[in-house]
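Participant: missing the sequence, but the structure's below:
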């Protein structure tokens, strides 16, 4: 039953691509795109701006995308690269998470203070390591998949993830 | 899976964008889309309908250009405002830090 | 122990007939961004400051204060760097800025050194008997901040900002 439902969902996605049902793609992927931008930039207005730009770019490129998987990969890749470029260009120093308004539907957390601390610590990581963490834990991507999205060697991504987690454990003292 | 992994998954779960996001995306797409002119065979002279179509297209394209320019100005203005506030914040915090030290030193005398 | 040298700004400033040249951020300072873990790079000159002023909300008392400050300014330059390790920059890097502030129009009004190694200097310049600019150099072991504000500025008014506009005080 589960497989049939998944197959139906994928068929719908494919149909959305085939018929360029852009609105369906936006509805389906908006929390993925906005989430990556929000967790990476830690700036809600900037994340929305960036997410809008990504979908605008998607609209222009729809004709070149071949499948539902391709759309998902393309969106992750473009969002990730735009986030990294945005930070490089704007170079805002993250002052404090207090600056960020809470989103309307923030995922429930058993420990909001720990969640905020994690965000702050991840925000201190170098750009690609930070994005690797976001992709790993928001999108549940493997290091191989992250490497493809970021266009980096798998060994580099694995090493960045390991070092990032080691840093987080050390700073959280766990 | 470690406790840290669980907490990271919770902290970095997907986040819904603000209400109206999809509508704003649609608006930007509409503003950026070039309007293709309708090619019609004519007898060699523009018909009234043809002129009306051209005028409508000109207004649509023009308003699209205007809308984009306004959006760009708004984005630039908000960004400039953000940078001003950040720079004033940095400057004032440095001044306050010195002021605190001066007051502390004078109290010690 | 903190050593702070304060000078009466007005007594030392020599009125200038023409405003002194604005500060130029040397290349060797700009290059520090490549070594920094985080950096802030802000350059706002006339038109951008005016544009920012139009977007500051006069209906909000705090933004109104910022708008008033900005309305008299010609430029704001900020370079702020956070490094992963000590030793990423040297005093010689800062000398390239200090040498520009040796002209008679500028006076160093604060020179503060902490045992922690933190060194803060504040320079002001006088134009038409009012302060026409301020440069703040703040050097810590793993952080360096350079703030240059060009234009008529009230330091007291400036120091009361911060912690407002939803932007918190920069934590120490």
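Facilitator: Okay, I see it. These numbers come from a predicted model, not from an experiment.
Participant: the strand or helix carrying residue B:95 near chain C at all?
Facilitator: Using DSSP states H and E, residue B:95 maps to helix B:48-108. Yes. Contact of helix B:48-108 with chain C (CB under 8 Å from any CB of the partner chain) involves B:73, B:76-78, B:80-81, B:83-99, B:101-102, B:104-105. From N, CA and C alone the C-beta is placed, and that goes for glycine too.
Participant: show me the shaky parts of chain A.
Facilitator: A:1-20, A:88-111 (pLDDT under 70).
Participant: next, count neighbours for residue A:85.
Facilitator: Residues lying near residue A:85 (other CB atoms under 10 Å in any protein chain shown) number 12.
Participant: tell me the contacts of it?
Facilitator: Contacts for residue A:85 were tallied using CB atoms under 8 Å, 6 or more residues apart in numbering or on different chains; there are none.
Participant: quick check, it in a helix?
Facilitator: Yes. Residue A:85 forms part of a helix when assessed by DSSP: H, G, I helix; E, B strand; the rest coil.
Participant: need the residue closest to the centroid of the chain.
Facilitator: Picking chain A for this. residue A:36 (2.5 Å; CA atoms, centre = their mean).
Participant: that's the wrong chain, I wanted chain C
Facilitator: Central residue of chain C (CA atoms, centre = their mean): residue C:147, at 2.5 Å.
Participant: ok, the strand or helix carrying that one near chain A or not?
Facilitator: Using DSSP H and E, residue C:147 sits in strand C:143-151. No. Residues of strand C:143-151 are not located near chain A by CB under 8 Å from any CB, the shortest gap being 9.6 Å.
Participant: need the next SSE after that strand, C-terminal direction.
Facilitator: Following strand C:143-151 toward the C-terminus (DSSP H and E): helix C:155-159.
Participant: what packs against that next one?
Facilitator: helix B:48-108, helix C:61-71, strand C:130-139 (3 or more CB pairs under 8 Å, 6 or more residues apart in numbering or on different chains; DSSP states H and E).
Participant: and those, which is most packed in?
Facilitator: strand C:130-139 (a mean of 21; mean count of other CB atoms under 10 Å in any protein chain shown).
Participant: all helices for chain A, in order.
Facilitator: A:2-18, A:22-41, A:44-61, A:68-90, A:112-123, A:127-138, A:143-150, A:154-172 (DSSP state H).
Participant: would you mind giving the ones you listed as JSON lines with distance to residue C:87 added?
Facilitator: Below are the helices of chain A laid out as JSON lines (distance: least, CB to CB, whole Å):
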{"stretch": "helix A:2-18", "distance to residue C:87": "53"}
{"stretch": "helix A:22-41", "distance to residue C:87": "29"}
{"stretch": "helix A:44-61", "distance to residue C:87": "33"}
{"stretch": "helix A:68-90", "distance to residue C:87": "24"}
{"stretch": "helix A:112-123", "distance to residue C:87": "24"}
{"stretch": "helix A:127-138", "distance to residue C:87": "22"}
{"stretch": "helix A:143-150", "distance to residue C:87": "30"}
{"stretch": "helix A:154-172", "distance to residue C:87": "21"}
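Participant: nearest to residue C:121, of those helices?
Facilitator: helix A:68-90 (27.7 Å; CB to CB).
Participant: tell me the domain ranges of chain A?
Facilitator: A:1-100, A:107-174 (automatic domain parsing).
Participant: for residue C:27, find the nearest of those.
Facilitator: Nearest to residue C:27, of the domains of chain A and by CB to CB, is domain A:1-100 at 17.1 Å.
Participant: which residues sit in contact with residue A:58?
Facilitator: Contacts of residue A:58 (CB under 8 Å, 6+ apart): A:22, A:25, A:71, A:74, A:75, A:78.
Participant: same check, this time on residue C:22
Facilitator: C:74, C:75, C:133, C:148, C:150.
Participant: wasn't it part of a strand?
Facilitator: No. Residue C:22 is assigned coil when assessed by three-state DSSP, not a strand.
Participant: pretty sure residue A:139 contacts residue A:73?
Facilitator: No. The pair residue A:139 / residue A:73 is not scored as a contact, 10.7 Å apart, by CB atoms under 8 Å.
Participant: higher neighbour count, the two?
Facilitator: Between residue A:139 and residue A:73, residue A:139 has the larger neighbour count (other CB under 10 Å), namely 18 against 15.
Participant: look up how far residue A:145 lies from the more buried one.
Facilitator: 8 Å (CB to CB, to the nearest Å).
Participant: try residue A:134
Facilitator: 13 Å.
Participant: tell me which of those two has more neighbours.
Facilitator: More crowded of residue A:134 and residue A:145, by other CB under 10 Å: residue A:134, with 25 against 17.
Participant: next, count neighbours for the nearest residue to that one once chain neighbours are set aside.
Facilitator: Nearest in space to residue A:134, with sequence neighbours left out and distances taken as CB to CB, 6 or more residues apart in numbering or on different chains, is residue A:39 at 4.8 Å. Counted with other CB under 10 Å, residues neighbouring residue A:39 total 25.
Participant: what residues are up against residue A:39?
Facilitator: Applying CB under 8 Å, 6+ apart, the residues near residue A:39 are A:119, A:122, A:134, A:138, B:12, B:15.
Participant: identify, from those residues, the entry nearest to chain C.
Facilitator: residue A:122 (13.2 Å; CB to the nearest CB).
Participant: having no further points to raise, I will conclude here.
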